[in-house]
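[1] I would like the atomic coordinates for the input below:
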Amino acid sequence: MGEMTEDRLVQQTVANYFRDQLCWESIFAYNDEVLGADGTLGRESDRDLVLVRYLRNTLEDLNPHLPAEAYESAIKQITEISVTKLT
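    Prediction:
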């Protein structure tokens, strides 16, 4: 993980909490992330806020019998930025 800095210590503490209390997996990708569909988190750009690869998998797990178009529509609604929502 590299040198232990205050930022890393905070990240590690929070990641451990998420793992132990919520059963979440954490990935420390800052400065190490490989971008692209097959990259570390599946983000095309470091400006992508939603991890679409994981969102799609979760939507499919929670709603296994929907057509592919339904998943794509849900992802679009979640990730699309509306100018009207910015005001």
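[2] what separates the longest helix anywhere in the chain from the chain centre, distance-wise?
    Selection of the longest helix in the chain by residue count, based on DSSP state H, yields helix 6-22. Between the centre of helix 6-22 and the centre of its chain there are 16 Å (CA atoms, centre = their mean, to the nearest Å).
[3] Equivalent analysis for stretch 48-63, please.
    Centroid separation for stretch 48-63 versus its chain: 8 Å, with CA atoms, centre = their mean.
[4] what residues does that stretch touch?
    Stretch 48-63 has contacts (CB atoms under 8 Å, 6 or more residues apart in numbering) with 37, 41, 42, 43, 66, 70, 71, 74, 75, 78, 79. For every residue, glycine as well, the C-beta is placed using N, CA and C.
[5] Scan those residues and report the most crowded one.
    residue 43 (20 neighbours; other CB atoms under 10 Å).
[6] so that one makes contact with residue 35?
    Yes - counting by CB atoms under 8 Å, residue 43 does reach residue 35; the two are 5.8 Å apart.
[7] Pop the domain breakdown of the protein in here.
    Residue ranges for the domains of the chain, per automatic domain parsing: 1-32, 34-87.
[8] Of the ones you listed, which shows the lowest average pLDDT?
    Among the domains of the chain, domain 1-32 has the lowest mean pLDDT, at a mean of 84.
[9] And residue 38, how far from residue 44?
    As judged by CB to CB, to the nearest Å, residue 38 and residue 44 stand 11 Å apart.
[10] Compare neighbour counts for the two and give me the winner.
    Taking neighbours as other CB under 10 Å, residue 38 and residue 44 compare with residue 44 leading, 11 against 8.
[11] Which residues are in contact with that one?
    Counting by CB under 8 Å, 6+ apart, residue 44 makes contact with 35, 36, 37.
[12] Among those, which lie within helices?
    Per DSSP H, the contacts of residue 44 never map to helices.
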